[in-house]
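Visitor: Just to be clear, the model below is a prediction. Sequence and coordinates:
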Amino acid sequence: QSDSYNWDSLLVFIEYTGLKEYFTGEKPGYEEITFFGPTNLSIRRAVWGKRSWGASGWEYEHTSVKEFVEDKGIAYCQELILRHIVKGKYEVKDIPRGTDTDSESGTIFTSAFGSTFRVFSFRTPYSDTPDAGPVVLYIKGGVNMKTSIDVASTDIEPTNGIVHSLAYGFTWGEL
């Protein structure tokens, strides 16, 4: 909540969809969560992504998060959020190493919506030294696990879990 630049659109979605209890630890079974969080840019791309050229310039299909929720429906918008929540607290150190091409590597998570996605960690090289750089996370999800998603920032620790912030290039709805 303190980083409005990255998260205020998500906070509005959570409020409009009635899913706040997942993020406060009040939802039974979800007292601790890991959230693979889409940032404002990801959400805004989904909300304001459809546009057409009109008489006065660009006209957007939706002009606010509230209008998007009303148009798409609460159930659909809840699904968008629930696909990013998993039970339990998983830090980077808890995610096994893997590769993009090895579908057995990493961990398969089941979201609060019931969809699955694979998360794996990878240690990047530093200078010319292999496996000496930072450990990063990647996600394979979507239809047939074909969508690759970069995690930009990891191990953000709010009161009841862990947030792994998805890269700005991610468009909400791809997971």
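Guide: All right, it came through fine.

Visitor: where exactly do the helices run in this protein?
Guide: 4-17, 20-24, 40-47, 65-72, 74-82 (DSSP state H).

Visitor: Now mean pLDDT, distance to residue 140 and mean neighbour count too, for these, in JSON lines please.
Guide: For every residue, glycine as well, the C-beta is placed using N, CA and C. Formatted as JSON lines, the helices of the chain follow (pLDDT from 0 to 100; distance: least, Cβ to Cβ, whole Å; neighbours: other Cβ atoms under 10 Å):
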{"stretch": "helix 4-17", "mean pLDDT": "88", "distance to residue 140": "22", "mean neighbour count": "17"}
{"stretch": "helix 20-24", "mean pLDDT": "96", "distance to residue 140": "23", "mean neighbour count": "16"}
{"stretch": "helix 40-47", "mean pLDDT": "87", "distance to residue 140": "17", "mean neighbour count": "20"}
{"stretch": "helix 65-72", "mean pLDDT": "89", "distance to residue 140": "25", "mean neighbour count": "17"}
{"stretch": "helix 74-82", "mean pLDDT": "96", "distance to residue 140": "18", "mean neighbour count": "17"}
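
Visitor: could you dump those helices to TSV with distance to residue 56?
Guide: Formatted as TSV, these follow (distance: least, Cβ to Cβ, whole Å):
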stretch	distance to residue 56
helix 4-17	25
helix 20-24	37
helix 40-47	20
helix 65-72	18
helix 74-82	29
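
Visitor: closest to residue 149 out of these?
Guide: helix 40-47 (9.8 Å; Cβ to Cβ).

Visitor: right, and the helices of the chain - which one's nearest residue 58?
Guide: helix 40-47 (14.1 Å).

Visitor: The closest residue to residue 81 other than its chain neighbours and residue 82: what is the separation?
Guide: Nearest non-adjacent residue to residue 81, counting by Cβ to Cβ, 6 or more residues apart in numbering: residue 19, 5.5 Å away. From residue 19 over to residue 82 the distance is 7 Å, taken as Cβ to Cβ, to the nearest Å.

Visitor: quick one, strands of the protein?
Guide: 33-37, 51-54, 57-60, 85-87, 107-110, 116-123, 135-141, 147-156, 161-166 (DSSP state E).

Visitor: and the last one, which strands flank it?
Guide: By that I understand strand 161-166. Strand 161-166 pairs in its sheet with strand 33-37 (parallel), strand 147-156 (antiparallel), by DSSP bridges.

Visitor: Perfect, I'm done here.
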